[in-house]
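**Q** prediction below, plus the sequence it came from.
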Amino acid sequence: MKQARHPEPGEMTLIEVMAALSDPVRVGLARVLADGRERGWGELRAPVAKSTLSHHLRVLRDAGVTRTRQEGTRCFVKLRRNDLDARFPGLLDAVLSAAHHDDVGARVGLADAPVAD
């Protein structure tokens, strides 16, 4: 499998980052990853098919919101908080705060966590 390309912070654009965060599932993924921990794709739970979850993760990666690392056949993902904060100060915190307040992406979580109603 080929190595995923991640944009450098200077290559990230506001339009691409905002577009990536315009979907409730992707916002939910950002909320889950906001704890700073790297997660295996299999740990993530979303109300979509696995192929659709893979698409959402690719959109986040391509915009620079997340970093994906492959180890053998497993893939891991982590939020690029430091890069986003350096490039767009306050943006991620504002999006995550509004998402929490409006309950956007609440149905996305970890596979071993209870499902939100």
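**A** Arrived safely, thanks for sending.
**Q** which residues are contacting stretch 29-44?
**A** Residues outside stretch 29-44 that contact it (C-beta atoms under 8 Å, 6 or more residues apart in numbering) are 21, 46, 53-54, 56-57, 60, 65-66, 69, 74-79, 81, 92, 95-96, 99-100, 105-106, 108-112. Where C-beta positions appear, they are placed from N, C-alpha and C, glycine not excepted.
**Q** at 7 Å instead, please
**A** If you take C-beta atoms under 7 Å, 6 or more residues apart in numbering as the criterion, stretch 29-44 is touched by 21, 53, 56-57, 60, 65-66, 74-79, 81, 96, 99, 105, 108-111.
**Q** how about stretch 89-103?
**A** Taking C-beta under 7 Å, 6+ apart as the rule, stretch 89-103 contacts 21, 27, 30-31, 34, 81, 84-85, 105.
**Q** repeat that for 6 Å
**A** 21, 27, 31, 34, 84, 105 (C-beta atoms under 6 Å, 6 or more residues apart in numbering).
**Q** coming back round to it: of the contacts of stretch 29-44, grab the buried ones for ChimeraX.
**A** A single ChimeraX command selects the buried members of the contacts of stretch 29-44 (16 or more other C-beta atoms under 10 Å):
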select :21,53,56,57,60,65,66,75,76,77,79,81,96,99,105,108,109
